[in-house]
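Engineer: Quick one: sequence and predicted model below, then my questions.
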Amino acid sequence: MASLETTLGTDYFHAPVPSTPVRLLRGAWRFTRRKPLGAFGAFVLILIVVVGAFSPWVATHSPTDADLSAVLEGPSTSHWFGTDFNGRDLFSRIVYGAQITALVGLGTVVLVAFISLVVGVTSGYFGGKFDVGVQRLVDIWLSFPAIFLILTLVAVLQSGASSGFFGLGRGPEIGPNPNSGDWFWYTFPRTTIVVLALGVVLAGGASRVVRSAVLATKANPYIEAAVVLGAAHPRIILRHILPNIMPTIIVLATLQLGTAILAEATISFLGIGVTNFPTWGQMLSGRTRDLAESNLHLALVPGLAIFFAVFGFNMLGDALRDVLDPRMRGTR
Amino acid sequence: MLQYIIRRLILMIPTLIGVSLLVILFIRLLPGDAVEILISQSEVQGMDQSFKQLVDERLVKAGFTDPGTVPREERVRVQNELIDAQLKRDGLDPATATAAQRQTAQNDIARKAYGDRIRRDIGLDRNFIEQWWDWTSHAVRGDFGTTLLGGRSINDELRRRIPVSTELGLIGMFFGVLIALPTGIVSAVKQDTWADYVWRSTAIAMLALPSFFAATLVIALAARWFDYSFPVFYEQLWDDPVSNLELVLVPGFILGIGLSGTLMRLTRAQMLEVLRQDYIRTARAKGLGGWPVVMRHAVRNALIPVVTIIGLQVPVLIGGSLVLEQIFAIPGIAQYLFLSIWQREYPAIIAINMIVALVIMVSNLVVDVAYAYLDPRVRLA
């Protein structure tokens, strides 16, 4: 008699389970095939983080040293993206700017996730009068255009000259020597201020999304079962609610990454925020606008960098939403 | 319906109170030396003015009703009195002090007087609730106070700037809808064809396009290809419509591009939803052709949520106009906020944030009412 295997083909049940890295790689490959644009977004994210982390090794020139013999040059083999009005190498400036983009983007997303989780989960889980009260506060939160609130917050937080925000100081006015490893501490105070402002402002809208996900999860019978079995609130929230709203959080975080980077570029462009370090938004401001007429690369290089970063993250967020959280489809 | 509107308006009051508390709290959060920075950053003019005010106060105290008509000698005498007192405090002898020391003493007095005036104007000399109440009681009467530097009326400035921003916002909304509706509808009707893919990708790209990048490119390319430059000065619409539109149309269009990404995606999603409904199949079964069904039966129903989202984009419009007003030198309210932050004009920052919050709340109310009006199934409770 033929064995079960030959009748049914492969025996999936007894097939060896692949190791975790292999499974992750297979998952990534499947994601890439199904959502090529989402994979492009993931690639952009990894690229920015890697370039930011290793910028001294990636950059071909100093991002801050002026070379007056090579002012406003177009792209060439020695200056891949050309040079600006001070003869600084644009490729190296983009590479160093990726540090701020990555730090502000990821920092903001972590902060937004944290605040919106605390607010959204408590408000949605406990409900009742507490929920109504919290949602009124969120109404106030959402009554400002984000960029107004961000500008006001950054201005207020940066207004102390010596002490700055909670004694963080503002850092030196002039950018770091790229050969020293100090860039992080040079920019730390201002980056922190920008991250705080962006995080607090963007968390308002995000908390609404978290709350609605919590409400949907709370309606499930297994939550009721947990309550009947005598589980305490922290246990229900941590063991039953959080794992179930995780896909929503991941999608939300990815989409917020694009928003945060765009907002950071905007305030940098306006001359506020991380002003003592080359950032992408800052590279578009000032004399760039006057000189862009005859030197288009001056505007195109930083502009396209911002554009592709935000475009990539939006694509990644969209793709993740389709894969992880079908409920959120069409919300944005 | 009327009852609902009234109740919503009343509910707006606590939110507005919350907003005002929050904004004033920001100002209180300023580190202790913020006033010093304000003084060091502002022009000498402000300090000279405060010194003159101080002298005027003394003169009024001395019995002169109008400080403007006081004889010069008397004014100089009071000035010297103040400077002598300051010199004594510094441990110097007024009789032997040099001109430079007298000047330093005068500057110290002026600096202190100016600092005190700013603290009083911001309200830092009182506690939080008093300050808030003072501001609110003036604000509800439509008085937003004066600027710290120069003492200009914030009301006048707002009155000049709000129509400008409104015009820009309306043009932005117009272009946003003009781009989003046709592309969204086509994208849904031709779902999963190349047209759909192109428009959907374009919509996401529009969301990612920084408006300052787009504006820089437009200005640079207009100059490069057509040798065209935008008007430098803003003219009122009724004074010089051509010059006004020349300046405002392009930023309005860029504003619209940013808006159209969101709107287009929503229009598409709603159209797909409606196109699957039974009544669409019924219309088709009756023998109606493709486009009449789409336009008469589907679009009208799909647009209801889209209308509401247009209303909810008001914060996006106001926020987006900040950068564009800045680049194109349009004297709108967002530019005023930026200027105020730059010059640390805290009364103006508070006033602008409050007005914008009010506009957003009212537009949210209009959205809800419009939704109920457009869709009879929605009951306002």
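Structural biologist: It's in. Numbers count the residues shown, from 1 in each chain, chains lettered A, B, ... in the order given.
Engineer: Report the buried residues of the strand or helix carrying B:Asp156.
Structural biologist: Under the criterion of DSSP states H and E, B:Asp156 resides in helix B:154-189. Neighbour-count burial for helix B:154-189, counted by 16 or more other C-beta atoms under 10 Å in any protein chain shown, picks out B:154, B:157-158, B:161-162, B:164-165, B:167-169, B:171-173, B:175-177, B:179-181, B:183-189. Glycine gets a C-beta too; all of them are placed from N, C-alpha and C.
Engineer: for stretch A:26-40, same thing?
Structural biologist: For stretch A:26-40, the neighbour count (16+ other C-beta under 10 Å) marks A:Phe31, A:Lys35, A:Gly38, A:Ala39, A:Phe40 as buried.
Engineer: Same question for stretch A:297-316.
Structural biologist: For stretch A:297-316, burial by neighbour count (16+ other C-beta under 10 Å) applies to A:297-316.
Engineer: Likewise for stretch B:74-88?
Structural biologist: B:Arg75, B:Val78, B:Gln79, B:Leu82, B:Ile83, B:Asp84, B:Gln86, B:Leu87.
Engineer: from the residues you listed, which is closest to chain A?
Structural biologist: For the buried residues of stretch B:74-88, the residue nearest chain A by C-beta to the nearest C-beta is B:Gln86; the value is 25.3 Å.
Engineer: thinking that closest one is in contact with B:Ile109, fair?
Structural biologist: Yes. Counting by C-beta atoms under 8 Å, B:Gln86 does reach B:Ile109; the two are 5.3 Å apart.
Engineer: So for the two, which residues contact both of them?
Structural biologist: When contacts are counted by C-beta atoms under 8 Å, 6 or more residues apart in numbering or on different chains, B:Gln86 and B:Ile109 have no shared neighbour.
Engineer: check whether the helix or strand that the helix holding B:Asp156 is followed by contacts chain A.
Structural biologist: Per DSSP H and E, the first helix or strand lying C-terminal to helix B:154-189 is helix B:194-208. Yes. Judged by C-beta under 8 Å from any C-beta of the partner chain, helix B:194-208 comes into contact with chain A through B:Ser201, B:Ile204, B:Ala205, B:Leu207, B:Ala208.
Engineer: Can I get the residues you listed in CSV including neighbour count?
Structural biologist: As requested, the residues of helix B:194-208 next to chain A are arranged in CSV below (neighbours: other C-beta atoms under 10 Å in any protein chain shown):
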residue, neighbour count
B:Ser201, 13
B:Ile204, 20
B:Ala205, 17
B:Leu207, 23
B:Ala208, 21
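Engineer: So which residues on the stretch 201-350 of chain B come close to chain A?
Structural biologist: Contact residues (C-beta under 8 Å from any C-beta) of the stretch 201-350 of chain B with chain A: B:201, B:204-205, B:207-210, B:212-213, B:216-217, B:219-221, B:223-224, B:262, B:265-266, B:269, B:315-316, B:318-320, B:322-323, B:326-327, B:334, B:337-338, B:341, B:344, B:349.
Engineer: Swap in 6 Å and give it another go.
Structural biologist: Within the stretch 201-350 of chain B, the positions lying close to chain A (C-beta under 6 Å from any C-beta of the partner chain) are B:204-205, B:207-210, B:212-213, B:216, B:220, B:223-224, B:269, B:315, B:318-319, B:322, B:341.
Engineer: Counting by contacts, list what the helix or strand hosting A:Arg26 packs against.
Structural biologist: According to DSSP H and E, A:Arg26 maps onto helix A:20-34. For helix A:20-34, there is no helix or strand it packs on, judged by 3 or more C-beta pairs under 6 Å, 6 or more residues apart in numbering or on different chains; DSSP states H and E.
Engineer: what does that helix rub up against?
Structural biologist: Residues from elsewhere that reach helix A:20-34, judged by C-beta atoms under 6 Å, 6 or more residues apart in numbering or on different chains: A:Ala39.
Engineer: Any chance you could give me it in PDB, C-alpha atoms only?
Structural biologist: Output of helix A:20-34 as PDB, limited to C-alpha atoms (Å, rounded to 0.1, in the frame of the first residue of the first chain):
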ATOM      1  CA  THR A  20      14.300  31.700  12.400                       C
ATOM      2  CA  PRO A  21      16.800  33.600  10.100                       C
ATOM      3  CA  VAL A  22      15.800  31.500   7.200                       C
ATOM      4  CA  ARG A  23      12.100  32.100   7.900                       C
ATOM      5  CA  LEU A  24      12.700  35.900   8.200                       C
ATOM      6  CA  LEU A  25      14.600  35.900   4.900                       C
ATOM      7  CA  ARG A  26      11.900  34.000   3.200                       C
ATOM      8  CA  GLY A  27       9.300  36.400   4.600                       C
ATOM      9  CA  ALA A  28      11.300  39.300   3.400                       C
ATOM     10  CA  TRP A  29      11.600  37.800   0.000                       C
ATOM     11  CA  ARG A  30       7.900  37.100  -0.200                       C
ATOM     12  CA  PHE A  31       7.200  40.700   0.900                       C
ATOM     13  CA  THR A  32       9.600  42.000  -1.800                       C
ATOM     14  CA  ARG A  33       7.900  40.000  -4.500                       C
ATOM     15  CA  ARG A  34       4.400  41.000  -3.400                       C
END
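Engineer: what helices or strands is the helix or strand just after that helix leaning on?
Structural biologist: Downstream of helix A:20-34, the first helix or strand assigned by DSSP H and E is helix A:36-53. With contacts taken as 3+ C-beta pairs under 6 Å, 6+ apart, helix A:36-53 sits against helix A:90-126, helix A:297-324.
Engineer: Next SSE downstream of helix A:36-53?
Structural biologist: Next in sequence after helix A:36-53, counting helices and strands by DSSP H and E, comes helix A:55-58.
Engineer: Which residue ranges make up the domains of chain B?
Structural biologist: Listed domain ranges for chain B are B:33-126, B:154-374 (source: automatic domain parsing).
Engineer: still on that earlier bit, which members of the residues of the stretch 201-350 of chain B next to chain A are classed as buried?
Structural biologist: Among these, those that count as buried by neighbour count (16+ other C-beta under 10 Å) are B:204-205, B:207-210, B:212-213, B:216, B:220, B:223, B:269, B:315, B:318-319, B:322, B:341.
Engineer: in stretch A:220-238, what counts as buried?
Structural biologist: A:Ile223, A:Ala226, A:Ile236, A:Ile237.
Engineer: Helix or strand: which one has the second one?
Structural biologist: Assignment of secondary structure by DSSP H and E places A:Ala226 within helix A:221-228.
Engineer: just the angle between the helix holding A:Arg26 and helix A:36-53, please?
Structural biologist: Angle of helix A:20-34 versus helix A:36-53, following axes from the mean of the first three to the mean of the last three C-alpha atoms, to 10 degrees, is 120 degrees.
Engineer: still on that earlier bit, would you mind checking which of the buried residues of stretch A:26-40 is nearest to A:Ala292?
Structural biologist: Distances from A:Ala292 to the buried residues of stretch A:26-40, taken as C-beta to C-beta, are shortest for A:Phe40 (27.4 Å).
Engineer: ok, now how distant is the closest one from A:Leu47?
Structural biologist: A:Phe40 is 10 Å from A:Leu47, where distance means C-beta to C-beta, to the nearest Å.
Engineer: And B:Arg117, by the same measure?
Structural biologist: Separation of B:Arg117 from A:Leu47 (C-beta to C-beta): 53 Å.
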